[in-house]
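# 3D, please:
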Amino acid sequence: MNYILRILNRASGTCAICLTGLVLLALPLVAMAQASDDKQATFFMGRIKYSANDGNDCGGVGQDLMKLVSRASTLKIQEERKVKLTDPDLFATPFLFMNGHNDFVFTQAEIDNLKKYLAHGGFFFSSGCCTNPNFPTAWRREFSRIFPNEKIKPIPYDHVIYRSFYKIDRVRCLNEARDIQLEGLFFEGNLVAVMCEDGLCCAFSAKNSCNEGKGVSPEDGQKLTLNIAVYALTH
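Below you'll find the model as predicted:
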């Protein structure tokens, strides 16, 4: 696909898995976010309204995520779209993002739509805000309801998502002596939903102001996030 090749060609012909020396912010900004009515835009993201959440936690992270993708590619980027899990538009949105601070419970209708969406090729990226444990705990519980035989599990460092753009061998927590791993939901062997509990969205957004000194470092946060976006585009 042409847009995948453009992403990889931004690295001056270097294989994507060898990009350990690049710093994301040093990449030229070659594609600015386009207006939401730009019909030629290649990539857009759905910002999820879910349960009682209106999708506004740490409100600027959606646009900051889109800017990360644009810095590393020549993709035309739309603004984020707000979408409910029960909206028909969900199935026209290939990349979904949700975040939050608090506990939540999906309705059965939301679970049914997520099951259909993920089973037919959709991809879901989630991040807890400000290292608050309530959202990740709820996310593991609720996403484990989607496919009866599939439970949330840590994604090992040998998974391709850690090599889809940057090669990431290990991510250390800033405030605890432990490694940070993404967690995922798989369907028929395919990774369809990813979550990071350690304030990943805070690390790449708002100048890390609400997560400073905790969880994922800003540099690791930007790398992990871009890897997730490229993985979603290429799988």
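
# look at Ser127 and tell me its secondary structure.
Using DSSP: H, G, I helix; E, B strand; the rest coil, the structure places Ser127 in strand.

# wait, doesn't it sit right on Gly199?
Yes. Using CB atoms under 8 Å, Ser127 is in contact with Gly199, at 7.4 Å. In short, each C-beta sits where N, CA and C put it, glycine included.

# who's more crowded, those two?
Neighbours per residue, other CB atoms under 10 Å: of Ser127 and Gly199, the larger number sits with Ser127, 32 against 28.

# grab the nearest non-local neighbour of that one.
Once flanking residues are discounted, Ser127 sits nearest to Cys201: 3.8 Å by CB to CB, 6 or more residues apart in numbering.

# where does the one you found sit, in terms of helix or strand?
In the assignment (DSSP states H and E), Cys201 maps to helix 200-204.

# name the helices or strands packed onto that helix?
Using 3 or more CB pairs under 8 Å, 6 or more residues apart in numbering; DSSP states H and E, the elements in contact with helix 200-204 are helix 61-71, strand 123-128, helix 218-234.

# kindly recompute the last result at 10 Å.
helix 61-71, strand 95-100, strand 123-128, helix 218-234 (3 or more CB pairs under 10 Å, 6 or more residues apart in numbering; DSSP states H and E).

# the third one: partners in the sheet, and parallel or antiparallel?
According to DSSP bridges, strand 123-128 has the following sheet partners: strand 95-100 (parallel), strand 190-196 (parallel).

# with only the CA atoms kept, save the helix or strand that comes right after it in CSV.
Sequence order places helix 134-143 as the next helix or strand after strand 123-128, per DSSP H and E. C-alpha atoms of helix 134-143 as CSV (Å, rounded to 0.1, in the frame of the first residue of the first chain):
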residue,chain,number,x,y,z
ASN,A,134,-8.8,2.7,37.8
PHE,A,135,-9.0,3.0,34.0
PRO,A,136,-6.5,0.1,33.2
THR,A,137,-8.3,-2.1,35.7
ALA,A,138,-11.6,-1.5,34.1
TRP,A,139,-10.2,-1.8,30.6
ARG,A,140,-8.8,-5.3,31.3
ARG,A,141,-12.1,-6.4,32.7
GLU,A,142,-14.3,-4.9,30.0
PHE,A,143,-12.2,-6.0,27.0
